[in-house]
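>>> sequence-free structure coming up:
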Ligand code: NAP
């Protein structure tokens, strides 16, 4: 049981975390801060937070648990803003979608006080953002990746793991590097493709007409293009190195298909489609994940 959650960033992820903690009876009081006072006020009106703080530092004052649920590009400035109130009794977690940049930002901002910071990435979320969409069950039955570094205290990693488990999440531990390489492949590249596909259609004179004819396959493929632009701008730039590696793999795969199609080499084309079809048929969401 935590006495006080200091929530910085009262949006979809932060708001859902606060609601989940409250529902599980794991926190007595939630003090929140968001960049716009209107967001913080809305969070209080919705019962997501109990008290509005006028700054990140004041949100953390008296907290034994701190959640950073801000865009990843705001991690360093946020940690610098709260640095003076960080103490060994605190657990600090985040939900940023990229981890190498978050850990680098924490190293720069926290220096000696890194032990209390446990970098986390819940594989949960939605296309819609904002506190209005906060959901106490967002983290239930979802994976949370924890990416400690040498300086992270093991006791804090254990405490963070227990906390996420108490919210119904499965915890997986890996390095920030492994995390960013994997999520470049299975999340960041697919988002980039979905954005490119929609832009390619939108830029064609007949694009609207084509879109009206699209069916469920197109709907499934393009769903993630409706994601939050500011969040994805930050994520794609933050993980640009690993995304670059995945782009090269994709370009090779696209060129191979393109060549076979252009040259009408049906048997070889079928073999490549077959390989993709088998890989997809054999892929399963991890056991227990919601459909
Ligand atoms: P969101 O709904 O837009 O919430 C972000 C909140 O952070 C907003 O309330 C915003 O305040 C506040 N904020 C922005 N800059 C700030 C700053 N410098 N100081 C204090 N507050 C600040 O976005 P979200 O979806 O919750 O995303 C938050 C984090 O979760 C991101 O790092 C993202 O990578 C990660 N994440 C998101 C998803 C997803 O599907 N959405 C999934 C996994 C991880 P204002 O309202 O005043 O602008």
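Cool, got the structure. Source: prediction; values computed, not measured.
>>> Would you mark the buried spots in stretch 232-241?
By 16 or more other Cβ atoms under 10 Å, the buried positions in stretch 232-241 come out as 232, 234-236, 238-239. For every residue, glycine as well, the C-beta is placed using N, CA and C.
>>> repeat for stretch 14-34
14-22, 26-27, 30-34.
>>> If we only consider those, which is nearest to the ligand?
Of all the buried residues of stretch 14-34, residue 34 has the smallest distance to the ligand: 3.7 Å, by Cβ to the nearest ligand atom.
>>> Ramachandran angles for the closest one?
Main-chain dihedrals, residue 34, degrees, to the nearest 10: phi -130, psi 160.
>>> Over to residue 70?
Torsion angles at residue 70 (phi, psi; degrees, to the nearest 10) stand at phi -110, psi 170.
>>> which one is it nearest to, not counting chain neighbours?
Using Cβ to Cβ, 6 or more residues apart in numbering and skipping residues adjacent in sequence, the residue nearest residue 70 is residue 9, 3.9 Å away.
>>> Show me what from the chain comes close to the ligand.
Residues of the chain lying near the ligand by Cβ under 6 Å from any ligand atom: 8-14, 34-36, 39, 56, 69-72, 74, 78, 95-97, 122, 125-126, 129-130, 231, 235.
>>> For ChimeraX, what selects the buried ones among those?
Remark: buried members of the residues of the chain next to the ligand, expressed as a ChimeraX selection using 16+ other Cβ under 10 Å:
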select :8,9,10,11,12,13,14,34,35,39,56,69,70,71,72,74,78,95,96,97,122,125,129,231,235
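>>> Can you flag which of the residues of the chain next to the ligand belong to strands?
Mapping the residues of the chain next to the ligand onto strands (DSSP state E) picks out 8, 122.
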